[in-house]
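In: below are the sequence and a predicted model for it; my questions follow.
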Amino acid sequence: MAIVGHGVDLVETQRIGEMLSRHEERFLDRCFTQGERDYALGKKRELEHLAGRFAAKEAVMKALASGWRHGMAWTDIEVALEPSGRPIVRLSGKAREIADELGIDAWWLSISHVETHAIASAIAEGAGQDR
């Protein structure tokens, strides 16, 4: 196994709060899966949790070296939790296709947040393949 890609992203929680204020349901529907919404919404540190997941999605996109030019949707990347609390990456749609093309079969994800910022690091591991 080899590292196929690595991405890091930093998000201001205030930015997520502003997006929620301006476009609440549209923003949530566009950027977060139902599982992510169920996890974060209504929690004491709701904005931190949403910002962490947003940063994680950006980090995964960077690890995939794709961005939006390949038609990926925010919801093609889901951040879920193992029973231990460890965050994991679940891919679907175009994100899954790109990961398969690159030979990615494992992810290492770390998320941290405080009141003002959230940061995430995503490492893609696999046999690796040229695009």
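Out: Yep, it's here.

In: please count neighbours and contacts with C-alpha atoms only from this point.
Out: Fine.

In: put the alpha carbons of the host helix or strand of residue 3 into CSV.
Out: Residue 3 is part of strand 2-12 when elements are defined by DSSP states H and E. Once non-C-alpha atoms are left out, strand 2-12 reads as follows in CSV (Å, rounded to 0.1, in the frame of the first residue of the first chain):
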residue,chain,number,x,y,z
ALA,A,2,1.1,3.5,-0.8
ILE,A,3,-0.1,7.0,-0.1
VAL,A,4,-2.0,8.0,-3.2
GLY,A,5,-3.1,11.5,-2.1
HIS,A,6,-3.2,13.8,0.8
GLY,A,7,-5.3,16.9,1.4
VAL,A,8,-5.6,19.4,4.3
ASP,A,9,-8.3,22.1,4.7
LEU,A,10,-9.0,24.8,7.3
VAL,A,11,-12.5,26.4,7.6
GLU,A,12,-13.7,29.3,9.6
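
In: by mean pLDDT, flag the weakest helix or strand of this structure.
Out: Within the chain, no helix or strand scores below helix 93-102, which has a mean of 93 by mean pLDDT, DSSP states H and E.

In: list the helices and strands it packs on?
Out: helix 46-64 (3 or more Cα pairs under 8 Å, 6 or more residues apart in numbering; DSSP states H and E).

In: can you list contacts of whatever helix or strand comes next after the helix it packs on?
Out: Using DSSP H and E, the helix or strand that follows helix 46-64 towards the C-terminus is strand 77-81. Strand 77-81 is contacted from outside by 32-33, 35-36, 53, 56-57, 60, 87-92, 95, using Cα atoms under 8 Å, 6 or more residues apart in numbering.

In: buried residues in strand 77-81, which are they?
Out: By 16 or more other Cα atoms under 10 Å, the buried positions in strand 77-81 come out as 77-80.

In: now it, how far from the chain's geometric center?
Out: 7 Å (Cα atoms, centre = their mean, to the nearest Å).
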